Each structure stands twice: as C-alpha cells, then as structure tokens.
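**Student:** next input, structure requested:
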Amino acid sequence: MKHWTTRSAIWAAAGFIAAAAFVPAQAADISGAGATFPYPIYAKWADAYKKETGNGLNYQSIGSGGGIKQITARTVTFGASDMPLQPAELDKIGVIQFPTVMGGIVPVVNLDGIKSGDLTIDGPTLAKIYLGEIKTWDDPALKKQNPNAKLPSQAIALVHRSDGSGTTFIFTNYLSKVSADWKSTVGSNTSVEWPAGIGAKGNEGVANNVAQTKGAIGYVETAYAKQNKLTTTKMVNKDGKVVAATSEAIMSAAAGADWAKAPGFYMILTDSAGAASWPIAGATFILLPKEPKDTAATSEALKFFAWAYKNGGKMAESLDYIPMPDSVVKLIEAKWKSDVKAAM
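**Tutor:** Here you go, the predicted structure:
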C-alpha cells in the first residue's frame, strides 16, 4: 500500500473514520477511541480489514486522555492510550492492556533553509526550549550543537498538545529523565502545565500548526512528520550519539524491552541505552474490559487485533511503526484467553 504523503490525505482519512462514528453500528462493528499516535496505522488496518471481512472499525482519534475516559465509562468497545496504565489502575477500571505497535516521537521545526536532519538537539536543550528558557533559534546552546547551521535570530514558537495525550506523556517522560528542572517543575503526564507555548489538538493539530508557523517547534509521532513532510531534527541519545528517528533507531530503543516480565504489559521505552537508539520511543496500548457489556463487539475487536498482528506488520512498517514481535503477540493472545470473558 502507498504511504499517505499530504496533510489533505490524513485529514481526509480522519474525516472518513470520524464520519463512520456517526453511522449506526452493526452487530459486528467495533468502536474505539483514544490515542492519535497510532491513528495512521489503525486507519490503514481498518480499511484493509473492512475490505477483507466486511466488518468496520469506528475509531475516534481524540487523544489518550479521552480514550481512557471513554473506556472507563464503557462508551466504546476499546480505549487506546500511549501512556500505559499501572496494574493497579487497570484493576480499578476492570480492563486489560496490551501493546499494538511501537513508534517514535520526533521534534519538528519550521525554519527557512533548514532541512530534515540539519539540526541536532540534545535532551537538556530540548527541555530548556520547552521550559521557555531558550527563546531564540540563535541561542548559544543551539549554535554550539549546530556550528554549521544558519540559525536565525528568530523567536522560537513553541507548539504542544492541548488535549490529554499519550504522545505528551512519552515526550514529557523523556524530558523528565534528562532534565531535573523539567522533572521538578513540570513532570510527566498526559496533560501538564506547560510553562510556555501554544496548544494544538492531536498529533494532527501539532503537525498542522508547525507547518503553518515560521520559527515553530513541536513534537509528533514519526508517521505524522513523514505524511506532512515536516522538518525533523536529530537528537543526542543516552549513549551520547547523534541519531535520526529512523525505523532502525526506534527498533533499537525497543530491543531491550522484556515484555514477559512487565506486569499488565506496563512498559516505557524512553531514553533507552544503545548507540543506535532513538531516545523518544514508546509503545501504544489498547484497553479492553475484562467483563464487557457487549461481548459480540469485544470478540470482534479481538479478531481485528489478531488479524492486525498476523497481517498488518508490513503496513505498520510502511508508516515507520515497529510491529510487536511474535513472542509478545503470543503473550498478548494468552492474556486475552485468560482474562477477557468475550475472548474469541
């Protein structure tokens, strides 16, 4: 399948899925809501699954915070979040959690004369930018890391998420690991009190805002950067190496994850060791009730995700996501059978 390569394509796809949410659900239709991080691959899977089986997936890309709220209220078949919930939280709301794909978050900028890969930013400097301490692009900290780049004396226009966001959780979790100031003053969550900048809704909104604003910097999932042809930066990872947000670098960050020893599949992949590792990586998760109100829809949801694990790997890779290893899929499917009453 061809990549989506324009903003109009992703907005058109978003409109299709959103519109589908207003169609009366049939018995086999599945409803989901939450994370925007995996939206491009869920939309691609849903299209292929519909063609193959005739069964639809109505997925609302509303942010991880919204996904957690909707599955807690049982208004959807499943919720989706890039922020994994702790086992105690899963028990409290009566759901299981499992990862679908892994991906990366990348800083994106809009600067005249700067192409993808021209700029390198390390974690502490990125934290200072988002703390509002570094205010212009020709700041000495940025010039030191980019001696050959023509950095303008232009104000930095900060863009962040305005909605409850798992992408924000991954981003702020990383900043909390590399900056003591960030950890103590802002911290890590799906929503934080941003010290500076303007908010935009969803990965889509951040991508669109950065694309339209000269001097902007934002953070988006890598598929959105690719689809919107945004200018991405390189970063300095935990091993002190300069890396780009490639599939290989994200795979390296995920390589050390021991999912078998992660209760409730709780796993955070930020600031991973390894010379080739991309520092802002994470998995995205599905939240599914153990005792669903609609067992038919839940059973169909499990069939959809089983199909996606088996058939959706190449589609995921085409959008720079990392599919879950077969060994992890076996653990996930065993969890379905043991914990979900509507297991297929």
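
**Student:** off-centre distance for stretch 128-139?
**Tutor:** Once both centres are worked out by CA atoms, centre = their mean, to the nearest Å, stretch 128-139 turns out to sit 25 Å from its chain's centre.

**Student:** just stretch 87-95 next, same as before
**Tutor:** Computed by CA atoms, centre = their mean, the chain-centroid distance of stretch 87-95 equals 22 Å.

**Student:** again with stretch 311-323
**Tutor:** 14 Å.

**Student:** which residues sit against it?
**Tutor:** Residues lying outside stretch 311-323 but in contact with it, judged by CB atoms under 8 Å, 6 or more residues apart in numbering, are 1, 3, 38, 40-41, 44-45, 48, 101-104, 222-223, 226, 245-247, 250-251, 254, 309. Using the backbone N, CA and C atoms, a C-beta is placed for each residue, glycine as well.

**Student:** which SS class is the residue nearest to the spatial centre of the chain?
**Tutor:** With distances taken as CA atoms, centre = their mean, the residue of the chain nearest its centroid is residue 37 (3.0 Å). What DSSP: H, G, I helix; E, B strand; the rest coil gives for residue 37 is coil.

**Student:** and it, how far from residue 284?
**Tutor:** When CB to CB, to the nearest Å is applied, the distance between residue 37 and residue 284 equals 5 Å.

**Student:** how about residue 119?
**Tutor:** Taking CB to CB as the measure, residue 119 and residue 284 are separated by 27 Å.

**Student:** who has more neighbours out of these two?
**Tutor:** Neighbours of residue 119 and residue 284, each counted by other CB atoms under 10 Å, are more numerous for residue 284; the result is 28 against 22.

**Student:** and stretch 180-200, what's buried?
**Tutor:** Within stretch 180-200, the residues that count as buried by 16 or more other CB atoms under 10 Å are 182, 183, 186, 188, 189, 190, 191, 192, 194, 197, 199, 200.

**Student:** now do stretch 289-302
**Tutor:** Applying a neighbour-count criterion of 16+ other CB under 10 Å, the buried positions in stretch 289-302 are 289, 290, 292, 294, 297, 298, 299, 300, 301, 302.

**Student:** and the spatially closest residue to the fourth one that is not a sequence neighbour, how far is that from residue 68?
**Tutor:** This means residue 294. Taking CB to CB, 6 or more residues apart in numbering as the measure, residue 294 lies nearest to residue 77, with 6.8 Å between them; neighbours along the chain are not counted. Per CB to CB, residue 77 is found 14 Å from residue 68.

**Student:** again, but for residue 339
**Tutor:** Distance, residue 339 to residue 68, using CB to CB: 18 Å.

**Student:** what about those two, which has more around it?
**Tutor:** Neighbour comparison, residue 339 and residue 68: the larger count goes to residue 68, with 25 against 16 (by other CB under 10 Å).

**Student:** how much distance is there from the helix or strand encompassing the more buried one to the middle of the chain?
**Tutor:** Residue 68 belongs to helix 64-72 when assigned by DSSP states H and E. On the basis of CA atoms, centre = their mean, helix 64-72 sits 15 Å off its chain's mean C-alpha point.

**Student:** pLDDT (mean, whole number) over it?
**Tutor:** Computed over helix 64-72, the mean pLDDT rounds to 97.

**Student:** buried residues, that helix. List them.
**Tutor:** Using 16+ other CB under 10 Å as the test for burial, helix 64-72 gives 64, 65, 66, 67, 68, 69, 70, 71, 72.

**Student:** would you confirm that the last one contacts residue 89?
**Tutor:** The reference is to residue 72. No. Under the criterion of CB atoms under 8 Å, residue 72 lies out of contact with residue 89, with a separation of 9.9 Å.

**Student:** thought residue 85 was touching residue 265?
**Tutor:** No. In this structure residue 85 lies outside contact range of residue 265 using CB under 8 Å: 9.7 Å.

**Student:** so what sits against both of the two?
**Tutor:** 97, 285.

**Student:** so which of the two has more stuff around it?
**Tutor:** Neighbours were tallied for residue 85 and for residue 265 using other CB under 10 Å; the higher tally belongs to residue 265 (24 against 20).

**Student:** double-check that residue 103 belongs to a helix.
**Tutor:** No. Secondary structure assignment places residue 103 outside any helix; it is strand (three-state DSSP).

**Student:** show me what contacts it?
**Tutor:** Under the criterion of CB under 8 Å, 6+ apart, the neighbours of residue 103 are 37-38, 221-223, 250, 281-284, 320-322.

**Student:** who does it bridge with?
**Tutor:** Counting by DSSP bridges, residue 103 is bridged to residue 282.

**Student:** okay, it: pLDDT?
**Tutor:** Taken from the predicted model, the pLDDT recorded for residue 103 is 95.

**Student:** how much space separates it from residue 149?
**Tutor:** From residue 103 over to residue 149 the distance is 27 Å, taken as CB to CB.
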